[in-house]
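Undergrad: Fold the stuff below for me.
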Amino acid sequence: MTIKVELFYSPICPRCPEAKRVLLEVLEEINVFSPRGLKRAKKYDIAHIPAVVIENKRKIIGVPKKESLLRKIKQEITLSQVEERS
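TA: Numbering: from 1, shown residues only. Here you go, the predicted structure:
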């Protein structure tokens, strides 16, 4: 099973480097200044950065605490496992 985690950021955001540091090992970075990033941010209604999207459902706005991020990822894994069994 794969859980997809994305970070939406801006090169001028003062909090984004910290969010990137926390997420570096588990994410796909989306630059909101790129055409692709802008399109994806609109898809998820991202109005503030940094923002994290997990499996197209969950959002974290701001810099996540590592424990909070791991908890949300684990919740998504559990939900996916339950859905697979149904």
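
Undergrad: Pro64 and Glu83: what is the separation?
TA: From Pro64 across to Glu83, the span is 24 Å (CB to CB, to the nearest Å). All C-beta spots, glycine's among them, are computed from the backbone N, C-alpha and C.

Undergrad: the more surrounded of the two?
TA: Pro64 (20 against 8; other CB atoms under 10 Å).

Undergrad: got the residue ranges for the helices in this structure?
TA: Here the chain has its helices, by DSSP state H, at 16-23, 35-43, 66-85.

Undergrad: State the mean pLDDT of the first one.
TA: Looking at helix 16-23 alone, the average pLDDT works out to 85.

Undergrad: How about the last one?
TA: Taken as a whole, helix 66-85 has an average pLDDT of 83.

Undergrad: In that helix, which of the residues would be classed as buried?
TA: 69, 72-73, 76 (16 or more other CB atoms under 10 Å).

Undergrad: Would you mind giving these as TSV with distance to Asp45 added?
TA: Formatted as TSV, those follow (distance: CB to CB, whole Å):
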residue	distance to Asp45
Leu69	20
Lys72	18
Ile73	21
Glu76	19
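
Undergrad: Between those residues, which sits nearest Lys57?
TA: Taking CB to CB as the measure, Glu76 is the one of these closest to Lys57, at 7.3 Å.

Undergrad: Check whether the closest one really touches Lys59, as I assumed.
TA: No. Contact criterion CB atoms under 8 Å: Glu76 and Lys59 do not qualify, at 12.0 Å.

Undergrad: From the centroid of the chain, which residue is nearest?
TA: Note on the chain: the residue nearest the mean C-alpha position is Val52, at 2.2 Å, using CA atoms, centre = their mean.

Undergrad: Provide a list of residues in contact with that residue.
TA: Taking CB atoms under 8 Å, 6 or more residues apart in numbering, we find Val52 in contact with 5-8, 19, 23, 27, 58-60, 64, 69.

Undergrad: now Ala51
TA: Contacts for Ala51 (CB under 8 Å, 6+ apart) come out as 7-8, 41, 44, 59-61.

Undergrad: if you set the cut-off to 7 Å instead, what comes out?
TA: Listed by CB atoms under 7 Å, 6 or more residues apart in numbering, the contact partners of Ala51 are 8, 59-61.
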